[in-house]
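Asker: The amino acid sequence is not available; the structure is as follows:
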Ligand code: NAP
Ligand code: 8YV
């Protein structure tokens with residue numbers, strides 16, 4: 001029987017997927033090795049190791065220098081944790097897990113829209129604390145006829161738009177260029193914020209989007225406006241967001257992602273006009289399973305000389 005191929009598993013990204021990789025490959029688990037020993041560990045497997053499996057949000061820099069490494073199969077669609085300068089230099093192709101998570105992330109985006117517009121989390125606390133016995137809960141904002149502005153109308157953005165239409169929301173969007181969709185295109189973030197009642201961010205992370213949702217965008221969104229973020233925290237000037245929320249220059253926010261996860265600033269924790277989630281956009285059993293399957297399928301394609309299913313264009 002042919003020996004199992006050697007596979008470096010960089011981090012503990014999804015235990016059920018890693019358990020399946022253990023069955024298929026001779027796995028070498030970097031995160032289980034003390035950091036002082038990792039260089040030596042990588043050298044000891046370097047000659048046989050042509051592929052790695054990794055979280056899309058972090059890869060140990062030493063991995064990129066492995067001489068035989070040709071593929072890193074990432075778990076996650078947003079590959080801002082990968083150093084593409086280093087992978088290009090090393091001739092390494094990176095794959096990710098697009099599309100299989102669109103619906104689940106879009107569901108959470110709409111969940112945050114409802115939770116903020118109708119103050120669902122505060123309403124729950126209101127009942128539990130017995131306040132309903134004394135007074136009425138404050139009114140929310142209707143969605144019908146309002147405008148949902150989507151920053152980053154890509155795969156997930158389109159799944160959000162599809163759902164938003166069934167809530168009778170109008171859709172507008174901002175990308176670097178317009179696309180063939182029946183929604184209003186705004187060439188600038190400020191223009192989109194200006195016409196939006198609810199602004200949803202689905203941008204990828206990385207240098208090109210860093211802090212581009214800033215004080216000017218929140219000012220344009222205005223005091224009745226709601227900001228939702230299911231993209232990346234790095235694309236938002238978090239200090240400007242906290243300022244806008246605490247001064248009520250925007251009405252509220254629903255956040256799944258933050259500047260430095262899992263750290264959430266105390267200033268946000270103390271505000272009542274923000275709903276805070278712990279980056280659970282893709283966090284269902286079914287979707288994480290599908291992401292894991294795509295990690296496995298990409299590796300299978302590589303080891304069998306077939307085209308990779310979802311290579312990332314670097
Ligand atoms: P995608 O299909 O590539 O969509 C990204 C969109 O952003 C594209 O429409 C792109 O359009 C636009 N864009 C990119 N850079 C831009 C820039 N500098 N300025 C303006 N628009 C820009 O990606 P996706 O699959 O929808 O995923 C989007 C992101 O969601 C991921 O990268 C990840 O960070 C995040 N995500 C979060 C979760 C979660 O759990 N919360 C889960 C999955 C993904 P143009 O190229 O035309 O500009
Ligand atoms: C994470 C995500 O990968 O795919 C992405 O870009 O942000 C998420 O799906 C997920 O949180 C993994 O734990």
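Answerer: Okay, I see it. Quick caveat: nothing in here was measured; it's all calculated off a predicted structure. Ligands and ions are numbered 1, 2, ... in the order given.
Asker: can you count the residues close to residue 84?
Answerer: Neighbourhood size, residue 84 [other CB atoms under 10 Å]: 16. (C-beta placed from N, C-alpha, C; glycine too.)
Asker: all helices of the stretch 151-300 of the chain, in order?
Answerer: Ranges of helices in the stretch 151-300 of the chain, per DSSP state H, counting those that start in this stretch, are 155-165, 189-195, 215-221, 238-246, 266-269, 285-303.
Asker: Show me what the longest one is packed against.
Answerer: Spelled out, it's helix 285-303. Counting by 3 or more CB pairs under 8 Å, 6 or more residues apart in numbering; DSSP states H and E, the packing neighbours recorded for helix 285-303 are helix 15-24, strand 51-55, strand 71-75, strand 93-95, helix 102-117.
Asker: Would you mind giving the ones you listed as CSV with mean neighbour count and distance to ligand 2 added?
Answerer: Below are these laid out as CSV (neighbours: other CB atoms under 10 Å; distance: least, CB to the nearest ligand atom, whole Å):
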stretch, mean neighbour count, distance to ligand 2
helix 15-24, 14, 11
strand 51-55, 24, 7
strand 71-75, 26, 6
strand 93-95, 23, 13
helix 102-117, 22, 7
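Asker: any chance of the ones you listed in CSV, with distance to residue 152 and mean pLDDT too?
Answerer: Putting those into CSV (distance: least, CB to CB, whole Å; pLDDT from 0 to 100) gives the following:
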stretch, distance to residue 152, mean pLDDT
helix 15-24, 27, 98
strand 51-55, 21, 98
strand 71-75, 19, 98
strand 93-95, 20, 98
helix 102-117, 11, 99
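Asker: need the ones you listed in TSV with distance to residue 194, can you?
Answerer: Rendered in TSV, the data for those read as follows (distance: least, CB to CB, whole Å):
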stretch	distance to residue 194
helix 15-24	43
strand 51-55	37
strand 71-75	36
strand 93-95	37
helix 102-117	19
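Asker: Out of those, which gets nearest to residue 234?
Answerer: Of all the helices and strands packed on helix 285-303, strand 51-55 sits nearest to residue 234, with 16.1 Å by CB to CB.
Asker: Does the closest one reach ligand 1?
Answerer: No: interface with ligand 1: strand 51-55 contributes nothing (CB under 6 Å from any ligand atom), its closest point being 12.5 Å away.
Asker: hmm, back to that, out of the helices of the stretch 151-300 of the chain, which gets nearest to ligand 2?
Answerer: Ligand 2 sits nearest to helix 285-303 of all those, at 6.7 Å, using CB to the nearest ligand atom.
Asker: Please see if that closest one touches ligand 1.
Answerer: No: Helix 285-303 stays clear of ligand 1 (CB under 6 Å from any ligand atom), getting no nearer than 9.0 Å.
Asker: Report the inter-axis angle for that helix versus helix 15-24.
Answerer: Using axes from the mean of the first three to the mean of the last three CA atoms, to 10 degrees, the inter-axis angle of helix 285-303 relative to helix 15-24 is 30 degrees.
Asker: now helix 285-303, how far from the centre of its chain.
Answerer: The chain centroid and the centroid of helix 285-303 are separated by 18 Å under CA atoms, centre = their mean, to the nearest Å.
Asker: Flag every buried residue along it.
Answerer: Neighbour-count burial for helix 285-303, counted by 16 or more other CB atoms under 10 Å, picks out 287-288, 290-292, 294-299, 301-302.
Asker: contacting residues around that helix?
Answerer: Contacts with helix 285-303, where a contact means CB atoms under 8 Å, 6 or more residues apart in numbering, come from 5, 7, 14, 16-17, 20-21, 24-25, 50-51, 53, 70-71, 73-76, 95, 97, 100-101, 103-104, 282, 306-310.
Asker: Thank you kindly, that will do.
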